[in-house]
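Colleague: Coordinates for the following, if possible.
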Amino acid sequence: MAQNSQLLKQQALELDKQALWSEACGLAFQAALLAESLVERIENLTFGSQMLINIGQTTAAKHLPLSIINACAKQDNDEIRKTCLRTYYHLGWAYSNLGDYDKARACLKKALEREDIKWSAKHHLAKVDLEVGIINNNPALVEKSFREFSEHNEHFGGNLAHGLRLMARAKGALYVLTDDEKIKQQSKKLYQRTREVFAQEKNIYWPSELAIEEKILLGEKDPMTLLGFQKFLRSRREKMHADFKEITAEQRLKYMEKMLKEFEAKNL
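Modeller: Here you go, the predicted structure:
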């Protein structure tokens with residue numbers, strides 16, 4: 001049984017890399033059912049909660065980690081406590097997607113106690129700073145998030161695609177807030193570098209999303225308000241359930257542009 005559980009988890013991880021999150025979620029929960037130890041079960045359920053976030057099922061992704069944490073609170077076991085710190089990380093991620101930033105920060109700071117996910121938690125705390133800075137039109141907080149993303153990216157060698165992407169987003173948001181042409185050019189360079197890294201990785205999922213972000217934040221016409229941009233980021237995944245094995249980057253970009261037009265018509 002344990003071997004089956006490990007095999008299912010490995011298959012789920014491979015599906016995650018292909019952005020096939022619904023399928024990965026199902027395998028993670030199957031692996032949890034077959035797991036022979038409580039630690040392994042917690043790890044698989046926690047991974048499943050991450051997949052729920054990725055497909056836009058954020059409310060479910062909040063309740064599942066909460067249930068795990070409450071159940072583990074009754075266990076007097078250091079290994080279980082350490083395993084649960086990863087669950088706090090995913091709970092913080094869910095809270096941030098739901099816009100509950102105080103709870104998100106509390107959970108992510110708790111996750112900092114676990115050494116092997118410390119940098120992931122720091123990265124997500126920077127995302128919280130960026131989102132709160134955007135919502136409150138606070139350039140200082142947006143600039144702080146940029147410094148945090150830069151530190152995270154340098155720690156992992158300087159070419160981390162998602163680190164570069166969020167550095168570009170932070171600079172783009174800062175440009176909207178300050179109207180500083182120099183900052184706009186810095187953001188453009190970061191978006192270009194991110195595209196190059198995604199191309200090297202042969203990544204088909206993120207480049208179209210990157211193009212939409214750049215168009216919104218750095219477009220020649222009046223950019224979408226930052227609050228509108230934040231709402232768009234939060235809503236887009238709830239509508240996206242395409243099988244990305246069967247969709248080209250060009251088709252995905254067209255789909256994203258269609259979503260953006262629909263969003264603008266309803267919300268702006």
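Colleague: from here on, contacts and neighbour counts on C-alpha atoms
Modeller: Will do.
Colleague: residue contacts, residue 5?
Modeller: Counting by Cα atoms under 8 Å, 6 or more residues apart in numbering, residue 5 touches 30, 31, 32, 34, 35.
Colleague: what about residue 48, how many neighbours?
Modeller: 29 (other Cα atoms under 10 Å).
Colleague: What residues does residue 72 make contact with?
Modeller: 80, 81, 84.
Colleague: which element is the nearest residue to residue 31 once chain neighbours are set aside on?
Modeller: Counting by Cα to Cα, 6 or more residues apart in numbering, residue 31 lies nearest to residue 5, which is 4.4 Å off, once chain neighbours are set aside. Assigned by DSSP states H and E, residue 5 belongs to helix 2-17.
Colleague: now stretch 53-68: mean pLDDT?
Modeller: For stretch 53-68, the mean pLDDT works out to 81.
Colleague: Convert it to CSV, retaining C-alpha atoms only.
Modeller: Output in CSV follows, covering the C-alpha atoms of stretch 53-68 (Å, rounded to 0.1, in the frame of the first residue of the first chain):
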residue,chain,number,x,y,z
ILE,A,53,-5.9,26.6,-4.9
ASN,A,54,-4.5,26.2,-8.4
ILE,A,55,-7.9,25.3,-9.9
GLY,A,56,-9.6,28.2,-8.1
GLN,A,57,-11.3,26.1,-5.4
THR,A,58,-9.9,28.4,-2.7
THR,A,59,-12.7,28.0,-0.1
ALA,A,60,-12.2,24.2,-0.1
ALA,A,61,-8.4,24.8,-0.1
LYS,A,62,-8.9,26.8,3.2
HIS,A,63,-11.2,24.3,5.0
LEU,A,64,-9.0,21.3,4.2
PRO,A,65,-5.8,22.6,5.8
LEU,A,66,-7.8,24.0,8.8
SER,A,67,-9.2,20.5,9.4
ILE,A,68,-5.7,19.0,9.2
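Colleague: picking up where we left off before, mark which of the contacts of residue 5 are part of helices, please.
Modeller: Members of the contacts of residue 5 lying in helices (criterion: DSSP state H): 30, 31, 32, 34.
Colleague: Drop anything exposed from the residues you listed.
Modeller: Burial by neighbour count, 16 or more other Cα atoms under 10 Å: within these this picks out 30, 31, 32, 34.
Colleague: Break down the stretch 151-268 of the chain into its helices, ranges please.
Modeller: Here the stretch 151-268 of the chain has its helices, by DSSP state H, counting those that start in this stretch, at 161-178, 181-200, 206-218, 226-236, 249-267.
Colleague: Distance from the helix holding residue 5 to the middle of the chain?
Modeller: From the chain centre to the centre of helix 2-17 is a distance of 21 Å (Cα atoms, centre = their mean, to the nearest Å).
Colleague: Which neighbouring elements make contact with the host helix or strand of residue 122?
Modeller: Per DSSP H and E: residue 122 is located in helix 118-135. Judged by 3 or more Cα pairs under 8 Å, 6 or more residues apart in numbering; DSSP states H and E, helix 118-135 is in contact with helix 78-97, helix 101-111, helix 139-155, helix 161-178, helix 226-236.
Colleague: The third one vs helix 161-178, what angle?
Modeller: Here helix 139-155 runs at 160 degrees with respect to helix 161-178, directions being taken by axes from the mean of the first three to the mean of the last three Cα atoms, to 10 degrees.
Colleague: returning to what we had before: same question for the helix holding residue 5, mean pLDDT?
Modeller: 85.
Colleague: Flag every buried residue along that helix.
Modeller: Result for helix 2-17 [16+ other Cα under 10 Å]: buried residues 5, 6, 8, 9, 10, 11, 12, 13, 15, 16.
Colleague: check contacts around the third one.
Modeller: Going back to what we said before, that points to residue 8. 27, 28, 30, 31.
Colleague: and if we set it to 10 Å?
Modeller: By Cα atoms under 10 Å, 6 or more residues apart in numbering, the contact list for residue 8 reads 2, 14, 24, 26, 27, 28, 29, 30, 31, 32, 34, 44.
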